[in-house]
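> Here is a sequence together with a model predicted from it:
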Amino acid sequence: MKVKLHQIAYEFGKSTLLVLSNTVIMVPFLLFLGLSDGRTETSVLPFALYYACRILGVFLIRAIKNTISSLELLVAALSVGLLGSILALFGPLLPILYLFSGILIGLSASWLPSANVTLNHFQPNKEKKVYYPVVLVGLLALFWGLSLSGNAGVWLSFGVYTVFYIIALLYAREATLRQILINRTMPKESSVLFSKREFWIFTGLCLLLIVLRSGRLLDSALSINIALIGFCIFFLLLIYKTGKEYRNYQVPLPLNILTFLNGAVGNFLFLFGSLYVVNIFGKGSETLLLYVPYALGMVIALGSFGKLSKMVSKNFEHYILIGLFIGFIAMLFPAALSVGFFLLSYTHFLLNRWLNNQYFLENHIPEDQRILLKNTTQKKGSLIHQFFLVILMFIITEKQTTSQSLFLQLMNPQSAHLSASTIFHLMSEISIIGFLILIVSYFYLKYRKHH
């Protein structure tokens, strides 16, 4: 039986890893968010801890001086993810377990995509293929769990994750025994990529993120104000550090800009999109208007990238950026909102795959550090854009009313709000202008480099 179980895991492990890597960022996000009742810290903190650990995890790994290999990172991600999923299964019986589950699954969501992408590129298992029926069944089960109310959805979704994590762990063990996956010793020079100052800056930002998320879900003006003041301080430190060290970037500046842009687009698409839809169209509308287009864009992008990159082998990123621009324009028209979300999701995941390939070509960076470096920059883009939007919303609502009640309502919406349409359209327009500036900067730097 043991041998048979390992054989089954080795056969389907690549399929389960594909599902885990591409859903562990979105599905637990929605599950933990759904636990919040807006009144108690116990219901709010699992989401805040999950989200903060999902961002901080990458910086934590880069902070380890004796850097670990991608195989060790994969096993660590699968192990903490498995433990977190098991704890979540018992969460309905003992809610405090959700706190530990949020931390563990957040770390898994931070580490797993980087490790899996790196190993698939440098140590591909050509013996086994991805079984797309297994992938489809897994995706359908996870999204079915999201549609169920109460504990049923938690048990189904985290039950699927528990099974898939077990299969993926057994697959990693079997592939290691067969020497398909090898634990390579990390070179000493990989430690040059680590910045203690950067790590502490983003640790502070993530702690503020916990305060912000908790304050948002609990309607606490004090928590939100503390987070905003703290972020402004850390943001100034980050600008100072970036201005001082930009010439020492490990990758070209145009590539850094696109990586930062893609992280910010991910935040605009999912986090800002959720607030946008609920505030304007009401709670419950986000499933059809946002989550379905987001999932479709992700799946189609993953399936079509290979063919598209062969068809357009030169300057492929230019076409992706044009797609992003069209998606942003569609966002300005309520009738085309779902189309805009789909285009942004599709081009976001296309750009993510293209960026992976570009970082793999940076041969001066150790193999196991390339995608980690890329994901670190993306997290910076996501985190900075998130706080930028919160500060922008705070300023706009303060001009409309001296009370913070409107700001708190928009931050934690339960239904559509009359003032939301004007406010969110303004925020969307300002964000889009910022994105276009980054895109133009990329083209300008590319042009200057070749002339």
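Okay, I see it.
> quick one, domains of the chain?
The chain breaks down into these domains under automatic domain parsing: 1-194, 249-451.
> Mean neighbour count added to the ones you listed, as TSV?
Every residue, glycine included, has its C-beta placed from N, CA and C. Below are these laid out as TSV (neighbours: other Cβ atoms under 10 Å):
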stretch	mean neighbour count
domain 1-194	19
domain 249-451	18
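> and of the ones you listed, who's closest to residue 207?
domain 1-194 (7.3 Å; Cβ to Cβ).
> if we can go back for a sec, now the domains of the chain as a markdown table including distance to residue 204?
Below are these laid out as a markdown table (distance: least, Cβ to Cβ, whole Å):
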| stretch | distance to residue 204 |
| --- | --- |
| domain 1-194 | 10 |
| domain 249-451 | 11 |
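> what about stretch 73-80, distance to the chain center?
17 Å (Cα atoms, centre = their mean, to the nearest Å).
> Sticking with the nearest residue to residue 84 once chain neighbours are set aside, tell me its helix or strand.
For residue 84, ignoring the flanking residues on the chain, the nearest one in space by Cβ to Cβ, 6 or more residues apart in numbering is residue 104 at 3.1 Å. Assigned by DSSP states H and E, residue 104 falls within helix 97-122.
> tell me what that helix is packed against?
helix 2-23, helix 27-35, helix 41-62, helix 70-89, helix 337-360, helix 370-400 (3 or more Cβ pairs under 8 Å, 6 or more residues apart in numbering; DSSP states H and E).
> hey, least reliable of the ones you listed by pLDDT?
Among these, helix 41-62 carries the lowest mean pLDDT, at a mean of 79.
> Please tell me how far the residue lying closest to residue 146 once chain neighbours are set aside sits from residue 47.
What sits nearest to residue 146 in space, not counting adjacent residues and going by Cβ to Cβ, 6+ apart, is residue 30, at 5.7 Å. Residue 30 sits 9 Å away from residue 47, taking Cβ to Cβ, to the nearest Å as the criterion.
> Equivalent analysis for residue 61, please.
Taking Cβ to Cβ, one finds residue 61 at 22 Å from residue 47.
> Please apply the same query to residue 428.
24 Å.
> Which stretch among the domains of the chain approaches residue 233 most closely?
domain 249-451 (11.4 Å).
> And what about residue 250, helix, strand or coil?
Of the three states, residue 250 takes coil under DSSP: H, G, I helix; E, B strand; the rest coil.
> So it sits against residue 370, correct?
No: between residue 250 and residue 370 there is no contact under Cβ atoms under 8 Å: 9.1 Å.
> which residues are in contact with both of those two?
Shared contacts of residue 250 and residue 370, defined by Cβ atoms under 8 Å, 6 or more residues apart in numbering, are found at residue 362.
> Let me see the mean pLDDT of stretch 150-170.
92.
> Please convert the helices and strands packed on helix 97-122 to TSV, extending it with distance to residue 258.
Below are these laid out as TSV (distance: least, Cβ to Cβ, whole Å):
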stretch	distance to residue 258
helix 2-23	21
helix 27-35	24
helix 41-62	18
helix 70-89	23
helix 337-360	7
helix 370-400	9
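> Of all the ones you listed, which one comes closest to residue 116?
helix 2-23 (4.6 Å).
> now the closest one and helix 337-360, what's the angle there?
120 degrees (axes from the mean of the first three to the mean of the last three Cα atoms, to 10 degrees).
> any idea how far residue 357 is from residue 305?
9 Å.
> Could you pull up the residues touching the residue positioned nearest the centre of the chain?
Central residue of the chain (Cα atoms, centre = their mean): residue 25, 5.4 Å from the mean position. Residues near residue 25 by Cβ under 8 Å, 6+ apart: 54, 109, 113.
> Going along the chain, name the helices of the stretch 151-300 of the chain.
151-177, 196-217, 221-245, 253-267, 273-281, 286, 292-311 (DSSP state H, counting those that start in this stretch).
> Show me what the fourth one is packed up against.
Contacts of helix 253-267 with other secondary structure elements, assessed using 3+ Cβ pairs under 8 Å, 6+ apart, are made with helix 337-360, helix 370-400, helix 420-450.
> gap between it and the chain center?
Relative to the chain's own centre, helix 253-267 is displaced by 13 Å; criterion: Cα atoms, centre = their mean.
> what angle separates it from helix 337-360?
Using the same axes, to 10 degrees: helix 253-267 against helix 337-360 is 140 degrees.
> Give the rounded mean pLDDT of helix 253-267.
90.
> Could you tell me the angle between it and helix 273-281?
40 degrees.
> do you know how far the nearest residue to residue 152 once chain neighbours are set aside is from residue 69?
Distances taken as Cβ to Cβ, 6+ apart put residue 145 closest to residue 152, at 7.9 Å, once the chain neighbours are dropped. As judged by Cβ to Cβ, residue 145 and residue 69 stand 33 Å apart.
> just to revisit the earlier point, how much space separates the residue nearest to the centre of the chain from residue 334?
Taking Cβ to Cβ, one finds residue 25 at 27 Å from residue 334.
> now swap in residue 427 and tell me
15 Å.
> before we move on, what about residue 126?
48 Å.
> what's the answer for residue 134, then?
Applying Cβ to Cβ to residue 134 and residue 334 gives a distance of 38 Å.
> The helix holding residue 104 to helix 41-62, inter-axis angle?
30 degrees.
> how far out from the middle of the chain is helix 97-122?
The answer for helix 97-122 is 11 Å, by Cα atoms, centre = their mean.
> After it, which helix or strand is next? Please name it.
Next along the chain after helix 97-122, taking DSSP H and E as the criterion, comes helix 132-147.
> What mean pLDDT does that next one get?
85.
> which residues touch it?
With contact meaning Cβ under 8 Å, 6+ apart, helix 132-147 is reached by 12, 15-16, 18-19, 23, 27, 30-31, 152-158, 160-161, 164, 287, 291, 295, 299.
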